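J.: I would like to see how this sequence folds:
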Amino acid sequence: MSKKWTIKSKLGEDLRRFGLNKLDFEELNKKLSFIYRLAESSFTVKYLDEEDELITISTSEELAEAFSVTEQLTPNKNILRLQLEPTNPLSPSLLERSQNIDPQLMQSIVDHLLPHLQSSVLLPQQNEEKKGESEPKPKVKEEVKIAEEKVEEKCEEKKEDPALSIIQPTLAPRYLARLVRDITIPDGTQVEAGHTFTKTWRMRNEGATAWPNGTTFAFVGGDKLSVDEGKGLKGTVAPGQEVDISVPMVAPDSVGRYVGYYRLIDETGKRFGHRVWVDVIVGRKEEEDKKMEEKVEEEMDKESVETLVGLGEQTKEVEEEAKKEEEKEPEVIDVDKEETKEEEEKEEEKEEEKKEEEKKGEESNDPFSPALKILADMGFRDEERNRALLYRFGGELMQVVQTLLSQQ
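T.: Numbers count the residues shown, from 1 in each chain. Alright, predicted model coming up:
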């Protein structure tokens, strides 16, 4: 089933709503011409983009782009609002054009022309009687000429064409705003979870119209970090004037990246100007980090103490064995057997030294071996996972332990 698009179009005060089966500008143009009883080439079609600028649509590609922008701005509504503007300045109706003429001037024209209009619509019998009469008298022609001159003079005073003047539509004021720079909290700033901070933007009035009283600055999308619903600006902001807008915010309790979007809104509720944002990375609180560091240091100290105790016990055992050997009575020594025994012991020592060197060589080739042992003693026994984290953090044991604890 093909998607049906919804259109809201406006010409003057005439607002219409209808559906469009496909994104075809010719079909849209024909539909608008039929609805408003206009020639297809007598008007232009425009829409408001994300910067509140009127963009003209004249092709199917531009119509598709207009719908794409609308879906981004109002994803839940999906209604394209169009504004029609006449391309021919003489297109307004005669009634609309005549409303701009001075009533006294109009009355003067009617007073001069009414007798001649009455004479032109006489009944057939009266026309028969008038057949023999000559053309209008010179005096009548002169009065008509005087009336025409008055019309021309009046239009010249208004700097208008002598033809009936046109009513120009009254356009709503257009407000423009541009971001100058971030005063505080640049993009990517790291903040603690639950930390309170203030984001400040510097904005400039880029238009020719002052921002009105009642202008607010409010959250419009993304992650809501601000405390208040909206912030009102004090007074008006003149064209070219810059103003700093500050909004109190609170970082979420969960670790991660958060982005919230904000815009200016006029007194009628219409958004205008650049859309600005706050972009922060929330990390753990300092207290949690300290506790984590203390825990790791505790584990490492405990491991060191246990190692030293073990070495002490081994040394004690060796000393006791040596003492026992000394206390034994001397035995009759067979020289040949003793030499053979010494040679065997030497061979065994060489073998043990060789094995020890091989073991040390293997450990020296693995730079993460000591760290892996400490992690295993702390209860993290997945060597493959521990090795991957050590490689990821460049051997930083503290970061590996924090990551493993956060994933439990």
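J.: Kindly list the longest strand within this protein.
T.: In the chain, with assignment by DSSP state E, the single longest strand is strand 271-283.
J.: can you pull the buried residues of that strand?
T.: By 16 or more other CB atoms under 10 Å, the buried positions in strand 271-283 come out as 271-280, 282-283. All C-beta atoms are positioned from the backbone trio N, CA, C, and that covers glycine.
J.: Tell me which other helices or strands that strand touches.
T.: When contacts are defined as 3 or more CB pairs under 8 Å, 6 or more residues apart in numbering; DSSP states H and E, strand 271-283 packs onto strand 177-182, strand 189-192, strand 196-205, strand 216-222, strand 256-265.
J.: Direction included, what does that strand pair against?
T.: Strand pairing for strand 271-283, determined by DSSP bridges: strand 189-192 (parallel), strand 256-265 (antiparallel).
J.: Name all residues that make contact with Arg174.
T.: When contacts are counted by CB atoms under 8 Å, 6 or more residues apart in numbering, Arg174 touches 52, 207, 209, 272.
J.: Can you go through the residues you listed and name the buried ones?
T.: By neighbour count, with 16+ other CB under 10 Å, the contacts of Arg174 hold 52, 207, 272 as buried.
J.: returning to what we had before: can you tell which of the strands paired with strand 271-283 is closest to Lys354?
T.: strand 189-192 (52.6 Å; CB to CB).
J.: what comes up buried for that closest one?
T.: With burial defined by 16+ other CB under 10 Å, the residues of strand 189-192 counted as buried are 191-192.
J.: Pipe the buried residues of strand 271-283 into TSV and attach pLDDT per row.
T.: Putting those into TSV (pLDDT from 0 to 100) gives the following:
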residue	pLDDT
Arg271	93
Phe272	92
Gly273	92
His274	92
Arg275	93
Val276	94
Trp277	95
Val278	95
Asp279	95
Val280	95
Val282	93
Gly283	87
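J.: Now for these: which two are most distant?
T.: Phe272 and Gly283 (35.5 Å).
J.: just to revisit the earlier point, which one of the strands paired with strand 271-283 lies nearest to Glu357?
T.: Per CB to CB, nearest to Glu357 of these: strand 189-192, 47.7 Å.
J.: Just the residues contacting the closest one, thanks.
T.: Counting by CB under 8 Å, 6+ apart, 185, 197, 251, 279-286 sit against strand 189-192.
J.: pLDDT averaged over that strand - what is it?
T.: On average, the pLDDT along strand 189-192 is 93.
J.: 23 is where my numbering starts, stick with that
T.: Okay, residue one is now 23; in that scheme the one you just asked about reads as strand 211-214.
J.: Any regions of the stretch 23-172 of the chain where pLDDT drops low?
T.: Within the stretch 23-172 of the chain, the segments meeting pLDDT under 70 span 23-24, 110-167, 169-170, 172.
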